[in-house]
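[1] Sequence and predicted structure are below.
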Amino acid sequence: MSFSGKVKKETAKMEKTLAELAELVGGKVVGDETVKIKRLASLAEAQPGDISFLTNPKYRSQLLTTRASAIIAAEVIEGINLPFLIVPNPYLAFARIAQVFFSSPPSPKGISKEAIISPHSQIGNDATIFPLVYIGENVVIGERVTLYPGVFIGDGVRIGNEVTIYPNVTIYPGTIIGNRVILHAGVVIGGDGFGYARDNQRYVKIPQSGIVQIDDDVEIGANSTVDRATLGKTWIKSGVKIDNLVMVAHNVVIGENTVIVAQSGVAGSSELGNNVILAAQSGVAGHLKIGDNVVVGARGGVSKDIPSQSQVSGAPAIPHREWLKAVILFQHFPEIYEEFRELKKKVMELENKLKHLEGI
């Protein structure tokens, strides 16, 4: 495998003092702030030089045996003789520290001679393009973009800066992708929407002439699909995080900073607001509107519009508190049914006695 251009040397491994990390996340150190942190690890797997975190009380006992050099927590834990980095949200602090240690951009490797690239396309500086990448006509690619083997980029696609596209991703013609987007292996962007018109006993395909637009800071998990619009665009707005095996249909609009968890699907022309959460295996029917800050529980089936600030669960989805009551009631259905049978039997006996008395 050969690349054009110079390959830069990897930088030295990261090392930070606990005081530096506290400044990074806006926290306070209780204990030795000069402790040097080289890595991040779980409480169970941590070694000297590692920092770990505690968010779930069920792991609190692991503080007694962990070998970590420091702990991120919401409060000091009595009896633990380790430095603490105290923050309101330990998991968020852990994420921000992890970005420092793990998210340094890879050194650009240049463009492989085994990639197929149209001479009419433009590629920005510091690109890494691996073998067997195909880039079509009139494609524009920004700076510091990485394209792994097997990536297909159709004609007229626009890709921003610092985008990472993993192996075997397919991007159909006309797609627009913003900055700092991550597309994991097997993602398909811009395939035809599922649009057909019924003609007696057969179906007539409706040409899907729209596009897909993906805004900045979007991440899409492995083998997920986003269909092109019938007309106009399917729009994934900035900050959206989509898990593996998710289906987004034609003309869907996904609002900013929305999260869609694995094996969920959104049918055509539905609109999700900002900061929505669709938990695993959720489904949203077509032509619906889901407001801002809505949470749909796992396996929720949304069949009507949902107002902002709602929490729903079940299929069909109902308010979460009502669903909890229904689930509790469902667990007692066998006993309730037996009581019902007994009551029915007694009512029939009383009716028979009443008929007998009336006949005397």
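    Happy to help now that I have it. Numbers count the residues shown, from 1 in each chain.

[2] what residues are up against S282?
    Counting by CB atoms under 8 Å, 6 or more residues apart in numbering, S282 makes contact with I260, V261, S264, G265, V296, G297, A298, R299, G300, G301, V302. Bear in mind the C-beta positions are built from the backbone N, C-alpha and C, glycine included.

[3] give me phi/psi at the fifth one?
    Which is V296. Backbone torsions of V296, given as degrees, to the nearest 10, read phi -110, psi 120.

[4] What score does it have for pLDDT?
    Note on V296: pLDDT of 98.

[5] Surely it is in contact with P316?
    No - applying CB atoms under 8 Å as the test, V296 and P316 come out as separate, 11.4 Å apart.

[6] Need the overlap of contacts for these two.
    Here V296 and P316 have V302 as joint contacts, going by CB under 8 Å, 6+ apart.

[7] For those two, indicate the residue with more neighbours.
    With neighbours defined as other CB atoms under 10 Å, V296 and P316 compare such that V296 has more, 28 against 11.

[8] Okay, and the beta partners of that one?
    Note on V296: beta-bridge partners by DSSP bridges are L278, V312.

[9] give the contact list for it.
    Contacts of V296 (CB under 8 Å, 6+ apart): V276, I277, L278, A279, S282, V284, I290, V302, I306, V312, S313, A317.

[10] repeat that for 7 Å
    Residues in contact with V296 (CB atoms under 7 Å, 6 or more residues apart in numbering) are I277, L278, A279, S282, V302, V312, A317.

[11] wait, which of those residues is closest to K38?
    When the contacts of V296 are compared for distance to K38 (CB to CB), I277 wins out at 34.4 Å.

[12] low-scoring stretches of the protein, by residue?
    Applying pLDDT under 70 to the chain flags the ranges 1-13, 104-106, 360.

[13] Domain parsing of it, as residue ranges.
    What automatic domain parsing lists as the domains of the chain is 16-102, 110-317, 318-360.

[14] Could you identify which of those is most buried?
    Ranked by mean neighbour count, the domains of the chain are led by domain 110-317 with a mean of 19 (mean count of other CB atoms under 10 Å).

[15] And the helices in this protein, which stretches?
    Here the chain has its helices, by DSSP state H, at 18-25, 90-102, 320-331, 333-359.

[16] Is it possible to get JSON lines of the ones you listed that adds distance to T55?
    Below are the helices of the chain laid out as JSON lines (distance: least, CB to CB, whole Å):
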{"stretch": "helix 18-25", "distance to T55": "14"}
{"stretch": "helix 90-102", "distance to T55": "5"}
{"stretch": "helix 320-331", "distance to T55": "23"}
{"stretch": "helix 333-359", "distance to T55": "37"}
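
[17] which residue packs closest to G142, ignoring adjacent ones?
    N161 (3.8 Å; CB to CB, 6 or more residues apart in numbering).

[18] Could I get the contacting residues of that neighbour?
    By CB under 7 Å, 6+ apart, N161 lies in contact with G124, G142, E143, R144, N179.

[19] and if we set it to 6 Å?
    Counting by CB atoms under 6 Å, 6 or more residues apart in numbering, N161 touches G142, E143, R144, N179.

[20] The closest residue to H287 other than its chain neighbours and V284, how far apart?
    Nearest residue to H287 in three dimensions, chain neighbours excluded: S269, at 4.8 Å (CB to CB, 6+ apart). The gap separating S269 from V284 is 11 Å, by CB to CB, to the nearest Å.

[21] Out of the contacts of S282, which is nearest to P207?
    G265 (22.8 Å).

[22] Show me the beta-bridge partners of the closest one.
    M247, G283.

[23] My guess is it contacts G283. True?
    Yes - with contact defined as CB atoms under 6 Å, G265 counts as touching G283 (5.3 Å).

[24] Give me the distance between E271 and V252.
    Distance of E271 to V252, computed by CB to CB: 7 Å.

[25] Could I get the contacts of N161 in a markdown table, plus columns for distance to E78?
    Below are the contacts of N161 laid out as a markdown table (distance: CB to CB, whole Å):
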| residue | distance to E78 |
| --- | --- |
| G142 | 52 |
| E143 | 51 |
| R144 | 47 |
| N179 | 46 |
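
[26] Compute the first-to-last residue distance for stretch 34-50.
    Start-to-end span of stretch 34-50 (CA to CA, to the nearest Å) is 14 Å.

[27] ugh, wrong one, I meant stretch 165-177
    When the termini of stretch 165-177 are compared using CA to CA, they are 11 Å apart.

[28] just wondering, since we're on A93, how far is it from S103?
    As for A93, its distance to S103 is 15 Å (criterion: CB to CB).

[29] ugh, typo on my part, it should be A44
    From A44 to S103 the distance is 24 Å (CB to CB).
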